[in-house]
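In: For reference, the sequence and a predicted model appear below.
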Amino acid sequence: MGSCSCTRRHFLLSICFLQVITIIERQVFDFLGYMWAPILVNFFHFLFIIFGFYGAYHFRVKYIITYLIWNFLWIGWNTFLICFYLNVGQLNRDSDLLNLGTGSVSWFEANGYGCKPTYNMAADDTFRPQRPERVEGCLLDYPLVEITHSGVQCALALLGILGAILISCIFLDEDDRCKWRSLNANKKHARLS
């Protein structure tokens, strides 16, 4: 392995590390807001980041390719979230789609910096979490925060895809060269026999 492959490997390891940091932060806030669908998908993403890190660290192409394929799915999920929080088409950020029917909302809706929520205490269902009727004074609206989270995840996934492709090409190319050498050695050995 030359220094080129080492640099590419360090690039992918760095991207995986950044993905772990950002997904832990995202997971914490999704847990605080009881957003169950994102919690589940974030957990799977964390597992596939571990695959990518392991594959890059131990030169395992199959793990890197698994990480690569997952990152395409991860970009699709985050694109869906961006569209969801922008109310694109039939998507509505006030629906119970992401919380799987529990009625909870993004933690940032009522708890963002400077937000002052107003609640309706005459709620119909006492078992559902209280959702603010109105939120005022927020420095950043919660859809913007969620869109930023998803945008950062998309950018890191694109960099992860780039790193995984570069490393996979190096490892697969070296595997082909090793097979070619062993094939030539077998032919040479057969001629000598």
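Out: Cool, the structure landed.
In: okay but R93 is in contact with N87, surely?
Out: Yes: look at R93 against N87 with CB atoms under 8 Å: they come within range, at 5.9 Å. Every C-beta, even on glycine, is put in place using the N, C-alpha and C of the backbone.
In: neighbour count winner among those two?
Out: R93 (18 against 13; other CB atoms under 10 Å).
In: what sits against that one?
Out: F84, Y85, N87, P143 (CB atoms under 8 Å, 6 or more residues apart in numbering).
In: what about 6 Å?
Out: R93 sits next to F84, Y85, N87 when contact means CB atoms under 6 Å, 6 or more residues apart in numbering.
In: And for Y67, the neighbour number?
Out: 29.
In: can you pull the contacts of it?
Out: For Y67, the contact set (CB under 6 Å, 6+ apart) comprises F48, F51, G52, A164.
In: Shouldn't it be within a helix?
Out: Yes: counting by DSSP: H, G, I helix; E, B strand; the rest coil, Y67 is part of a helix.
In: and the gap between it and L172?
Out: To L172, Y67 is 15 Å away according to CB to CB, to the nearest Å.
In: Now do the helices for this protein: every range, in order, please.
Out: Ranges of helices in the chain, per DSSP state H, are 3-32, 36-57, 61-85, 107-111, 142-192.
In: which one of the ones you listed lies closest to T118?
Out: helix 107-111 (9.6 Å; CB to CB).
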